[in-house]
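1. Predicted model, plus sequence, below.
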2 protein chains.
Amino acid sequence: MGTVSKALDLLDYFTRSRPLIGLSDLARLSALNKATCFRLLTELADHGLVEQVGIGREYRLGPSLLRLAALREAQVPTREAAMPVLQALALQSGETAHLSLLMADVLRPLAHAYSSAHVTKVTMEDAEELPFHATSSGLAVLAFQPDAFRDAILNRPLPHLTHHTETNPTTLRARIQEVRGLGYAESRGGFESDVHSMAVPLFDALGRCSGALAVAALGSRMTEAQRRLIRFALIKAGTEITTIWGGSLPADIATLWRLAA
Amino acid sequence: MGTVSKALDLLDYFTRSRPLIGLSDLARLSALNKATCFRLLTELADHGLVEQVGIGREYRLGPSLLRLAALREAQVPTREAAMPVLQALALQSGETAHLSLLMADVLRPLAHAYSSAHVTKVTMEDAEELPFHATSSGLAVLAFQPDAFRDAILNRPLPHLTHHTETNPTTLRARIQEVRGLGYAESRGGFESDVHSMAVPLFDALGRCSGALAVAALGSRMTEAQRRLIRFALIKAGTEITTIWGGSLPADIATLWRLAA
DNA sequence: ACCGTCGGTTCAAATATCAAACCGAAGGCT
DNA sequence: AGCCTTCGGTTTGATATTTGAACCGACGGT
């Protein structure tokens, strides 16, 4: 692994639940030498990607990220453009809606919107990464990736997260094939017990499936009528976001979704 | 310079006016070997900090930046929290308002808001960096930095940008001292001819001056009455943003601003 | 068919990383 | 107070990685 990767890996240790990390902690977390870790952090800090909160204190993500992200959004409007649709989806479905993006080879939640229809809801603040095999978003995205990518994902170890997690690559391939045939994906408690979710793929201006849009609800609320309603709302919202992104649906999906509307 | 710095420097070559860069171009721009540049880009791409638009095509900033920026904003609300105040400032002043942040050792514009009061306005899209010595924001920030930082900035070469740019370190020190005494900074055509701007420092929760708030107008519109109005609006908005950020004003500035209100 | 340039790859020579030990300062515990 | 641990940060010399120049094959223009 290259030096740059080591440095960039450090950034991923900062999460919502662990926003501040000291040098020694980070060295332990990353299994890097403390001296190396220090040098990497210093270089990251020189560019404003991390900053130190005090003098001789912990590190946190830095302000340059805001600027780079704003630049990215200016060129490829992604998050801001999708937010209104995401909020409408949460409102219509009465459940938690979230949007995930494929970042290199991991799927990460980027934005979410809650409904106030129920006091019990699926929260998204804690999720850092959505496993492909155990979430509806993951399956939706995987169904529209090149074979090599899908194979690479399915060939690495697939952790059991709940007792409902499907981890058999062959079964998963079949489920993914099914997703292509239906135009949406579904997961029942594969990521978190009691959470039932449905997702549709999103396509960007390059024609790639670069993310997924999902609605997650408590399993107990997922009646047949509710599933129909969510599927309908997802397809509508998915079409909108793909359009806003300047993307276009694969022909078969376009047909499927048109019929569902 | 370390490997990581070289990689991170690459990110700064992407701008609003040059959002897509090919490998060879970037190698030339950065004066890096093409092989090195390629490897660095590949590592950046593996983490989603850049991405390739097609196959064997140009690179652009990647989606992971959105996620990291969202994480930073979640921990240290900066941009989103200041936007409403910034917009109100543009409205009140009838001119372009902008907010800049100190990122490591450079001052960069982070957000701006326009007024529709005049069809001629100062635009901010193109500015990538605000030179400390030639902008009101730069002077405002510099006035509240540790001596070592100020000295480091003033000791490096200070480019002439217009025929009004002040580049004499001694004179600049005096102007900075003046800024501390007034509680705001002013610049007349030092960055761009015909642009007259005023700025106040902003303070974060760590007590540092980590940015500046400015109003920039065509020099011809900067009447004495207008300057008074803008100074008043800036002080009000600056107080608000510092408060929102959980920061507090240095005692002398708090007094100055209270008297001005 | 030629030329220049593109993105990407290869292999000695130069440079950065590693592990371990060390430093002064700060905080907890007895 | 005194002791002990941990903190952020620095140094060392052996080792592994990065570097840079030349080199591909492919593409587009002439």
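-> Now that the structure is in, tell me what you want to look at. The model shown is predicted, which means the values in this text are computed figures rather than measured ones.
2. any idea how far the nearest residue to residue A:209 once chain neighbours are set aside is from residue A:77?
-> Spatial nearest neighbour of residue A:209, excluding adjacent residues (CB to CB, 6 or more residues apart in numbering or on different chains): residue A:144 at 3.4 Å. The C-beta positions use only the backbone N, C-alpha and C, and glycine is treated the same way. Using CB to CB, to the nearest Å, residue A:144 is found at 21 Å from residue A:77.
3. Between those two, which has more neighbouring residues?
-> Between residue A:144 and residue A:77, residue A:144 has the larger neighbour count (other CB atoms under 10 Å in any protein chain shown), namely 21 against 13.
4. The more buried one: which element?
-> Using DSSP states H and E, residue A:144 sits in no helix or strand.
5. swap in residue A:111?
-> Once you assign secondary structure using DSSP H and E, residue A:111 falls within strand A:106-113.
6. Which elements pack onto that strand?
-> The elements that strand A:106-113 packs onto, with contact taken as 3 or more CB pairs under 8 Å, 6 or more residues apart in numbering or on different chains; DSSP states H and E, are helix A:79-93, strand A:96-103, helix A:136-142, strand A:209-218, helix B:64-75.
7. Give me whichever of these is most buried.
-> helix A:136-142 (a mean of 29; mean count of other CB atoms under 10 Å in any protein chain shown).
8. immediately after it, which helix or strand?
-> Using DSSP H and E, the next helix or strand after helix A:136-142 towards the C-terminus is helix A:147-155.
9. in that following helix, what counts as buried?
-> A:150, A:153, A:154 (16 or more other CB atoms under 10 Å in any protein chain shown).
10. Next one: the residue in chain A that DNA strand C sits nearest to, what pLDDT does it get?
-> Of chain A, the residue with the smallest distance to DNA strand C, taken as CB to the nearest atom of the strand, is residue A:36 at 2.7 Å. The per-residue pLDDT reported for residue A:36 equals 86.
11. residues near the residue nearest to it when sequence neighbours are not counted, how many?
-> Spatial nearest neighbour of residue A:36, chain neighbours left out: residue A:6 (7.4 Å); criterion: CB to CB, 6+ apart. Number of residues near residue A:6 (other CB under 10 Å) recorded here: 18.
12. what helix or strand does residue A:6 sit in?
-> Per DSSP H and E: residue A:6 is located in helix A:3-11.
13. list the contacts for residue A:62?
-> When the contact criterion is CB atoms under 8 Å, 6 or more residues apart in numbering or on different chains, the partners of residue A:62 are A:44, A:45, A:47, A:48, A:49, A:50, A:51, B:72, B:103, B:104.
14. before we move on, back to that, who does the strand holding residue A:111 pair up with?
-> strand A:96-103 (antiparallel) (DSSP bridges).
15. quick one: the residue lying closest to residue A:47 once chain neighbours are set aside and residue B:129, what's the gap?
-> The shortest distance from residue A:47 to any residue other than its chain neighbours is 4.3 Å, reached at residue B:8 (CB to CB, 6+ apart). Spatial separation of residue B:8 from residue B:129 under the definition CB to CB is 15 Å.
16. higher neighbour count, the two?
-> Under the criterion of other CB under 10 Å, the comparison of residue B:8 against residue B:129 puts residue B:8 first, with 24 against 14.
17. re earlier: is the residue nearest to residue A:47 in contact with residue A:44, as I believe?
-> Yes. When contacts are counted by CB atoms under 8 Å, residue B:8 is listed as touching residue A:44 (7.3 Å).
18. Contacts only, for the residue of chain A with the smallest separation from DNA strand D.
-> Distances between chain A and DNA strand D by CB to the nearest atom of the strand are smallest at residue A:22, namely 2.1 Å. Applying CB under 8 Å, 6+ apart to residue A:22 gives the contacts A:57, A:58, A:59.
19. So which of those residues are in strands?
-> Members of the contacts of residue A:22 lying in strands (criterion: DSSP state E): residue A:59.
20. Could you chop chain A up by domain?
-> If the domains of chain A are taken from automatic domain parsing, they occupy A:3-66, A:76-260, with pieces of a single domain joined by a plus sign.
21. Quick one: check the next helix or strand after the helix holding residue A:6 for contact with DNA strand C.
-> The C-terminal neighbour of helix A:3-11 among helices and strands, as given by DSSP H and E, is helix A:23-30. No. On the criterion CB under 7 Å from any atom of the strand, helix A:23-30 is out of touch with DNA strand C, staying 9.3 Å away.
22. what are the C-alpha coordinates of helix A:23-30, in CSV please?
-> In CSV, the C-alpha atoms belonging to helix A:23-30 read as follows (Å, rounded to 0.1, in the frame of the first residue of the first chain):
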residue,chain,number,x,y,z
LEU,A,23,-2.0,10.9,17.6
SER,A,24,-1.5,7.8,19.7
ASP,A,25,-5.0,6.6,19.2
LEU,A,26,-4.9,7.1,15.5
ALA,A,27,-1.6,5.3,15.3
ARG,A,28,-3.1,2.3,17.1
LEU,A,29,-6.3,2.4,15.0
SER,A,30,-4.4,2.5,11.8
